[in-house]
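> build the 3D model from these lines:
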Amino acid sequence: MRSTATRTRLAAAAATAGIVVLAGCSSSGSSDKASAASCEPAKGKVTLQYWNTVPGMDKVVDLWNKQHPNVQVETKNISNDQYGTLGNALKANKAPDLAQVGYDELPNLRTQSAFVDASACKAATAAKSKFVPWTWSQTSFGDTGVFAIPQDTGPMALYVRSDLFKKYNVAIPTTWDEYATAAGKLHKADPSLDMTFFDPNNAEWFNGLLWQNDAKMYGYSGDKWQVSVDSAQSKQVADYWQKLISEKVVRTDLAHGSTQMYAAYQKDQLATYVGAAWGYSMFRDNLPKQSGKWSIVPMPTWGANGSSGDWGGSTVAFMKGSKHLYESVEFNTWLNTDPDALALENKLGGLYPAATAGLDLPALKQGVPYYGNEKIFDVFADASKKIDTSFSWGPTQKTVNLALQDAMAKAAAGSGTLDDALATAQAAALKSMKDQAIPATAGK
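Residues are numbered from 1 along each chain as shown. Below you'll find the model as predicted:
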């Protein structure tokens, strides 16, 4: 998920132990198996620690505690420094039983042996059928274990100012080619109007665009990671946005979720927003005067490719050192599959559930007044079904994202191109893996 204002956020290799884990590859580590073997219910009352960043999660936990007097959960909000807090706790051997971890952070923490494999618990393995398929593949590392339970997702779509498209008689685009054409028409009709903005300091968003184009950033074969951050599919996306930037039909001076971004939308300077499901409340809450002017439609596609992408989303991970795995699984599965829990999480925290049952929540089946009473979540539900389940993150994703952002910022400023930024990120991925003694080579 992303933080309150912008929902910021968001397959690993344990090479030092000679173990590599990737979706579809290999097996979990021996330390995981040893911990997982102790999946037995406690004989007395249990208290679990659950750390997260979700607004209102304490109220959800209260609901559980009222219903389960023998398994009490204490929650701690770590929004201020999510991964720094978790990292320090792991080093001090004081990690909680459960913690919120973004999909893209799972591999990085996996290299630190941060998780315990809960697959010895039948309830954990049985939960697979209850979630959107691609989310489970992200958390189970290719069915080698169960290291986390999916919580929420960020299927992407296109937010459009339908009134502006109507005003200038421009069709709402369904393909990226049409999107570029529409961008030119709108800007020609009103030179102060740009199609959208490109935030060079938001690698997670850009990764979602790569994901949509079936860009496989990482693979695994021959006992090595295959790094293909700068694949042909990735370059297609980079070249496309580079062209829009060069033609000056998208802005590059706005940070996502910033006051300046909202001001640009308020002044009718931007016609669309390429965003995720959790973003629907951003416009509703920050631009109330534009109620009824926005629509949400499927993301433009790459020709016959009808895939969608994901931006953001989190899991609830089973942390190393937990002495109550059985109860942790019991709470974790309830938290992320129980209809009452899901409804409360959506209402208070704005979570778009990863559980298939969550897609049937009444709040997600109704029209949303701000968006002209359109059933916008039907768009996101459909998008979620079209996300490539084989996509995986690398074990040094944070380092790669930082390198990508730095290079994209230079490209946006006129020094280099987005294609160059991919090359920089590719090199950063290979170097960071080498520095951690993780076998890797350049993929196709």
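
> ranges for the helices of the stretch 201-350 of the chain?
With DSSP state H, counting those that start in this stretch as the criterion, the stretch 201-350 of the chain has helices at 203-212, 232-246, 259-266, 280-286, 325-337, 339-349.

> any idea how far residue 317 lies from residue 96?
Applying CB to CB, to the nearest Å, the value for residue 317 to residue 96 is 10 Å. C-beta coordinates here come from the backbone N, C-alpha and C atoms, glycine included.

> other residues contacting stretch 166-185?
Stretch 166-185 is contacted from outside by 158, 160, 162, 165, 186, 189-190, 194-195, 240, 243-244, 247, 249-250, 271-272, 295, 297-298, 300-303, using CB atoms under 8 Å, 6 or more residues apart in numbering.

> over to residue 293: give its phi and psi.
For residue 293, the backbone dihedrals are phi -100, psi -10 (criterion: degrees, to the nearest 10).

> and it, how far from residue 322?
In terms of CB to CB, residue 293 sits 48 Å off from residue 322.

> residue 345 now?
Taking CB to CB, one finds residue 345 at 22 Å from residue 322.

> go on, residue 340?
Counting by CB to CB, the gap from residue 340 to residue 322 is 25 Å.

> out of the two, which sits in the busier spot?
Neighbours per residue (other CB atoms under 10 Å) separate residue 340 from residue 322, with residue 322 holding more: 21 against 12.

> can you list the weak-confidence ranges in this structure?
Applying pLDDT under 70 to the chain flags residues 1-37, 142-143.

> residue nearest the centroid of it?
Centroid-nearest residue in the chain, with CA atoms, centre = their mean: residue 312, separated by 2.0 Å.

> burial count for the residue lying closest to residue 161 once chain neighbours are set aside?
Leaving out its chain neighbours, the residue that sits closest to residue 161 by CB to CB, 6 or more residues apart in numbering is residue 271, at 5.2 Å. Residue 271 has 26 neighbouring residues, counting by other CB under 10 Å.

> the more surrounded of residue 317 and residue 96?
Legend: neighbour count by other CB under 10 Å for residue 317 and residue 96, higher for residue 317 (31 against 23).

> the more buried one touches residue 150, doesn't it?
No. The pair residue 317 and residue 150 fails to qualify as a contact (CB atoms under 8 Å) at a distance of 10.5 Å.

> give me the common contacts of those two.
Residues touching both residue 317 and residue 150 (CB under 8 Å, 6+ apart) are residue 139.

> what does the lengthiest helix in the chain rub up against?
Secondary structure of the chain read by DSSP state H shows that its longest helix is helix 418-435. Outside helix 418-435, the residues within contact range by CB under 8 Å, 6+ apart are 13, 218, 225, 227-230, 234-235, 238-239, 241-242, 245, 394-396, 399-404, 406-408, 410-411, 439-442.

> just how off-centre is the helix or strand that that helix is followed by within its chain?
Once helix 418-435 ends, the next helix or strand along the chain (criterion: DSSP states H and E) is strand 440-442. How far strand 440-442 lies from its chain's middle: 25 Å, per CA atoms, centre = their mean, to the nearest Å.

> and strand 440-442, what's buried?
residue 440 (16 or more other CB atoms under 10 Å).

> what helices or strands is it leaning on?
strand 224-227, helix 418-435 (3 or more CB pairs under 8 Å, 6 or more residues apart in numbering; DSSP states H and E).

> so what strands line up beside the shortest one?
Just to be clear, that refers to strand 224-227. strand 218-221 (antiparallel), strand 440-442 (parallel) (DSSP bridges).

> export those strands to TSV and append columns for distance to residue 386.
Shown next, in TSV, are the strands paired with strand 224-227 (distance: least, CB to CB, whole Å):
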stretch	distance to residue 386
strand 218-221	21
strand 440-442	29
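
> looking at those strands, which is nearest to residue 202?
Of all the strands paired with strand 224-227, strand 218-221 sits nearest to residue 202, with 20.0 Å by CB to CB.

> check the offset of that closest one from the chain's centre.
20 Å.

> wait, residue 52 sits on residue 78?
Yes. Between residue 52 and residue 78 there is a contact under CB under 8 Å: 7.1 Å.

> higher neighbour count, the two?
Counted by other CB under 10 Å, residue 52 and residue 78 do not tie: residue 52 has more neighbours, with 26 against 18.

> what about the helices in the stretch 51-200 of the chain?
So, for the stretch 51-200 of the chain - with DSSP H, counting those that start in this stretch - the helices run 57-67, 82-91, 106-110, 122-126, 133-140, 162-167, 176-189.

> and the second one, what other elements does it pack with?
This means helix 82-91. When contacts are defined as 3+ CB pairs under 8 Å, 6+ apart, helix 82-91 packs onto strand 98-102.

> cutoff 10 Å now
When contacts are defined as 3 or more CB pairs under 10 Å, 6 or more residues apart in numbering; DSSP states H and E, helix 82-91 packs onto strand 46-52, strand 98-102, helix 106-110.

> check the third one too.
Using 3+ CB pairs under 10 Å, 6+ apart as the contact test, the elements touching helix 106-110 are strand 13-14, helix 82-91, strand 98-102, helix 133-140, strand 148-161, strand 310-318, helix 397-412.

> wait, which of these is closest to residue 70?
Among these, the nearest to residue 70 by CB to CB is strand 98-102 (17.2 Å).

> helices or strands next to that closest one in the packing?
Counting contacts by 3+ CB pairs under 10 Å, 6+ apart, strand 98-102 packs against strand 46-52, strand 71-77, helix 82-91, helix 106-110, strand 148-161, strand 310-318, helix 325-337.

> run me through the strand neighbours of that strand, direction for each.
Short version: by DSSP bridges, strand 98-102 pairs with strand 46-52 (parallel), strand 310-318 (antiparallel).

> so what's the residue count around residue 277?
Neighbourhood size, residue 277 [other CB under 10 Å]: 31.

> residue 386 contacts residue 133, doesn't it?
No. Using CB atoms under 10 Å, residue 386 is not in contact with residue 133, being 11.1 Å away.

> those two: who's more crowded?
Just comparing residue 386 and residue 133: by other CB under 10 Å the higher neighbour count belongs to residue 386, 17 against 14.

> would you mark the buried spots in stretch 244-261?
For stretch 244-261, the buried set under the neighbour-count rule, 16+ other CB under 10 Å, comprises 244, 245, 249, 250, 251, 252, 254, 256, 257, 261.

> farthest pair in the residues you listed?
Farthest pair in the buried residues of stretch 244-261 (CB to CB) is 249 and 257. Separation: 21.9 Å.
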